[in-house]
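Novice: Predicted structure and sequence below. I'll ask about it afterward.
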Amino acid sequence: MNPGRANLDRQEQFLKEITEWIKPTMPLILHIRSNRQDTYSKNLYYRALQIFKHRCHPDQIFILHCFTSDKETITSWLSNFRNTYFGFTHLITKFNQQQIQALRYIPVNRLLAETDAPYMPPRGIRINTPIYVGEVVEKLATL
């Protein structure tokens, strides 16, 4: 048995269970992240989308926390769930050109600045706190 696969199956089952009690007015915050080799986590975003599009109302509010994927993923989520928001952390300072282009594609009213405190601190800082969210906003504004 592959432990990684078993963990993925458990996570998918959990997502399915959430859809039994979630309401469109209740934001569902997802932190979808793959291993370091899969920069965009496309497969995981796609799998989650498949679960939700068959079980949630199109008006469901989703927040894709710590988003790092690409334009295709953004298009897929927005075309299925118009109330999808995309959260960005200090990781945007490490984005490649494809990720920057994807970020620019997102409507401004769907962008969220996040810190993911105490994790993902800005360069030179040991522990992240909400005080650094302004740096994320500044970086978003320059992109």
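Specialist: Thanks, I have the structure now.
Novice: Longest helix in the protein, by number of residues?
Specialist: helix 3-18 (DSSP state H).
Novice: And the next helix or strand past that one?
Specialist: strand 28-30 (DSSP states H and E).
Novice: contacting residues around the next helix or strand after that next one?
Specialist: Note on strand 28-30: by DSSP H and E, the next helix or strand toward the C-terminus is helix 42-53. Helix 42-53 is touched from outside by 12, 15-16, 19, 28, 30, 32-34, 38, 60, 62, 64, 69-70, 72-73, 76-77, 80-81, with contacts defined as CB atoms under 8 Å, 6 or more residues apart in numbering. To be clear about C-beta, it is placed using only N, CA and C from the backbone, and glycine gets the same treatment.
Novice: ok, now stretch 8-28?
Specialist: 47-48, 51-52, 55-57, 59-63, 83.
Novice: Quick check: buried residues in that stretch?
Specialist: Of the residues in stretch 8-28, Leu15, Ile18, Ile22, Leu28 count as buried by neighbour count, 16 or more other CB atoms under 10 Å.
Novice: chain center to that stretch, what's the gap?
Specialist: With CA atoms, centre = their mean, to the nearest Å as the basis, stretch 8-28 stands 15 Å off its chain's centre.
Novice: Stretch 41-59 too?
Specialist: Offset of stretch 41-59 from its chain centre (CA atoms, centre = their mean): 12 Å.
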